[in-house]
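>>> sequence and predicted structure below; questions after.
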Amino acid sequence: MKTIYLDNNATTQVAPEVMEAMLPYFHELYGNPSSMHSFGGQVAKTIREARERVAALIGADPEEIIFTSCGTESDNTAILSALSVYPEKRHIVTSRVEHPAVKVLCEYLKERGCIVTELPVDSEGRIDMELYERSLSKDTAIVSLMWANNETGVIFPVEKAAQIARDKGILFHTDAVQAVGKIPINMRKNSIDMLSLSGHKLHAPKGVGVLYVRKGTRFSPFIIGGHQEKGRRGGTENTASIIALGKACELAAHNMDEENTRVKYLRDKLENGLLKSIPNCKVNGDRINRLPNTTNISFEFIEGEGILLLMDQFNICASSGSACTSGSLQPSHVLRAMGVPFTMAHGSVRFSLSVYNTEEEIDFVIAKLPPIIARLREMSPYWKAEGSVCGIRDTDTQ
Amino acid sequence: MWEYTDKVKDHFLNPRNVGEVENPDGVAEVGSIACGDALKFTFKLDENKRIKEAKFKTFGCASAIASASALTELVKGMTLEEAIKVTNKDISDYLGGLPEEKMHCSVLGQQALEQAIANCKGAPAKEPGEEIVCECFGVTDREIERAIRENHLTAVEEVTNYTKAGGGCTNCHEKIKAIIDRVYAAGEPEPPKETKPKLSNIQKIRMIEEAIDKEIRPSLKQDGGNIDLIDVIGNRVIVATRGACAVCKASQLTLKGFVEYKLRELVSPDLVVEEEPK
């Protein structure tokens, strides 16, 4: 049975063109780009090209691109760098819905004396810009707000937020891991100082990421070692993956229109199809300011893991924000921050599409999901068959 | 992705006894939607006071559904006295084991059974003096104590895996630690022995011989009995009883309750002691 992969916010397939571009660098062109001989030197040249391609996708200059091992490393580097270059400032502003790469790091820093402001979000997953502005102080070393949320796809107005920080002389970092390649980004037209992106979210392999650092931004490296990346990130370059990322960025630029038309159409079709055929379900997050490929739907009174495992019977891949799938006992911190009631949060499923999905696949999911939901609800003590619910008041679900 | 046994998958994909028994003799509702796990369990007795019919409805993950399904199968045909002895481990064993982090699903099943039996007997669902320890998941001290005793838990993290207590705000971790200390201070039960490495057959036989010589035979001899090792086939330890043991009516009890217990403790927990066919 064919795999229907609707979990592209978790990771993506390496594009065939990307695969082709990277393969020679494992076996034939394995030289070290730092070597003096031309065998290594030719690799340095292709890395330069890859850097230019990445820069082109986000409207940056090539020298503003630092290759890292992943999005998490980029996020850690950005925040720790700010604390290092401004030792007198100990305040970090972030949000309650950040990826663990930022959220858990901030919790760690809090235990070590930093003051962290976690901005709340409303029921649609949006931040209050006035509250944000008021949270900034002379002691703020850095603001770190994600561009787009990995679970809901909700887009934060980071360019506006960055300008507010700039006006107050505060560094601004954004985790744009989910946004890059899905929505247009032009760093020449904003005031964002640092931006993280990850290769495997845009059809490059796992194990490569980028930290964009705007020219003139004070910076302190996270990994100390060789002179690679102009001393901003030590360690021999992951050449094959860097070249793959360059190719993937070129492809992403090429596919940007399709992502925002055909992929968006498929996402909307899936979303509307499910909402229409399944009672008691709801989309989580702002449906307007949202990535074109993501939908997060809660199916009331059932638990997400069961949904995923029954979909797995049809080789349909998605994710859930339920406690049972998160490895902790609490449902997704993103949905909880949005105040999604427990009856809904446990039964949330995220579908995230890519340009490789077809309409046929979406039709298949729309056909297969309603009986799966009905089957689990049949087993749920909270569900009554008529489509009504049994005696649960709002107070019980908070 | 969780690694579930085929039995868990089977009970999730083909759950047995879904629904509610009509005019039940025992009813229980445990867990809550906030916790992410809830179970409604109902049963009916036949004229011999045995459980004739048991049904469940579950809100929860695959292992919660499978645990509830297993519970209904396990208790069918049991008297209430037999059913009250069913532990969460019985449910988990029935399913061929559950991932550590999912043991709370089997505990939920055991709690539902206990509550439904209490309901059947007309007793209140909760014993007086019970105290909620974990506010996030509404877990009481008695529930935590029982899980510690029956599963030999020694760490807060394990208690969380089995009962969910402490899995939310973590404020009750100190209290859970105190309960663990209290249970073991009372002198029972023994914390689990370190898991022993896998033994080769020769090693196993040597260790069994040694254990019999040093630990088992001396005790038996005190009562005029004796035992000889005949063979070891896989995990089956074949022995012959001698002296007083050979004619003692309670020798089966000795073999299982003492010899097997000792060998499992000293050599391998998988051993089964059998008497040589006479």
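Looks like it arrived, so ask away.
>>> residues near residue 248, how many?
No chain was given, so I picked chain A. Using other CB atoms under 10 Å in any protein chain shown, A:A248 has 31 neighbouring residues. The C-beta positions use only the backbone N, C-alpha and C, and glycine is treated the same way.
>>> oops, wrong one, chain B.
The tally of other residues near B:C248 (other CB under 10 Å) stands at 16.
>>> show me where the stretch 101-250 of chain B has its strands.
In the stretch 101-250 of chain B, the strands defined using DSSP state E, counting those that start in this stretch lie at B:132-134, B:139-140, B:225-233, B:236-242.
>>> can you give me the domain boundaries for the chain?
Defaulting to chain A. A:4-9+A:255-397, A:16-87+A:157-252 (automatic domain parsing).
>>> hmm, I had chain B in mind actually
Looking at automatic domain parsing, the domains of chain B come to B:6-120, B:132-185, B:201-275.
>>> just the buried positions in stretch A:224-241, please.
A:228-229, A:232-233, A:237-241 (16 or more other CB atoms under 10 Å in any protein chain shown).
>>> chain center to it: distance?
Going by CA atoms, centre = their mean, to the nearest Å, the spacing between the C-alpha centre of stretch A:224-241 and its chain's C-alpha centre is 24 Å.
>>> ok, A:G181 - how many residues close by?
By the measure other CB under 10 Å, the count of residues near A:G181 is 29.
>>> make CSV from the domains of chain A and add mean pLDDT and distance to B:E274 to it.
Conversion of those to CSV gives the following (pLDDT from 0 to 100; distance: least, CB to CB, whole Å):
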stretch, mean pLDDT, distance to B:E274
domain A:4-9+A:255-397, 89, 40
domain A:16-87+A:157-252, 97, 52
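>>> redo these as TSV? Include distance to B:D141.
Output for the domains of chain A, formatted as TSV (distance: least, CB to CB, whole Å):
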stretch	distance to B:D141
domain A:4-9+A:255-397	19
domain A:16-87+A:157-252	40
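>>> what's the closest of these to chain B?
Taking CB to the nearest CB as the criterion, chain B comes closest to domain A:4-9+A:255-397 out of the domains of chain A, the separation being 3.3 Å.
>>> distance between the closest one and the chain's centre?
Centroid separation between domain A:4-9+A:255-397 and its chain, computed with CA atoms, centre = their mean, is 18 Å.
>>> over to stretch B:84-96?
On CA atoms, centre = their mean, the centre of stretch B:84-96 falls 5 Å from the chain's centre.
>>> quick one: is it near chain A?
No. Residues of stretch B:84-96 contacting chain A under CB under 8 Å from any CB of the partner chain: none, with a closest distance of 15.0 Å.
>>> which positions within that stretch qualify as buried?
In stretch B:84-96, counting by 16+ other CB under 10 Å, buried: B:86-92, B:94-95.
>>> which residue sits closest to A:L291, ignoring its sequence neighbours?
Excluding its sequence neighbours, the residue lying closest to A:L291 (CB to CB, 6 or more residues apart in numbering or on different chains) is A:G153, at 3.7 Å.
>>> now the one you found: how far from chain B?
Relative to chain B, A:G153 is positioned 23 Å away (criterion: CB to the nearest CB, to the nearest Å).
>>> thought that residue was touching A:N296?
Yes. With contact defined as CB atoms under 8 Å, A:G153 reaches A:N296; the gap is 7.0 Å.
>>> those two - which one has more neighbours?
When neighbours are counted by other CB under 10 Å, A:N296 comes out ahead of the other of A:G153 and A:N296, with 32 against 27.
>>> tell me the contacts of A:L376?
Taking CB atoms under 8 Å, 6 or more residues apart in numbering or on different chains as the contact definition, A:L376 lies against A:302-303, A:306-307, A:310.
>>> strands along the stretch 1-150 of chain A, start to end?
With DSSP E, counting those that start in this stretch, the ranges of strands along the stretch 1-150 of chain A come out as A:4-5, A:65-68, A:91-95, A:115-119, A:140-144.
>>> show me what the second one is packed against.
In other words, strand A:65-68. Strand A:65-68 is packed against helix A:38-58, helix A:71-85, strand A:209-213, with contacts defined by 3 or more CB pairs under 8 Å, 6 or more residues apart in numbering or on different chains; DSSP states H and E.
>>> burial count for A:F39?
The number of residues near A:F39, taken as other CB under 10 Å, comes to 12.
>>> so the closest residue to A:E229 other than its chain neighbours bridges to which residues?
For A:E229, ignoring the flanking residues on the chain, the nearest one in space by CB to CB, 6+ apart is A:I66 at 4.9 Å. Each beta-bridge partner of A:I66 is listed here, defined by DSSP bridges: A:L211.
>>> ok, the residue nearest the centre of chain B - contacts?
Geometric centre of chain B, nearest residue: B:K89, 2.6 Å, by CA atoms, centre = their mean. Listed by CB under 8 Å, 6+ apart, the contact set of B:K89 reads B:106, B:150-151.
>>> same deal with A:S298?
Listed by CB under 8 Å, 6+ apart, the contact set of A:S298 reads A:281-282, A:284, A:335, A:340, A:344-345, A:347-349.
>>> lovely, talk soon.
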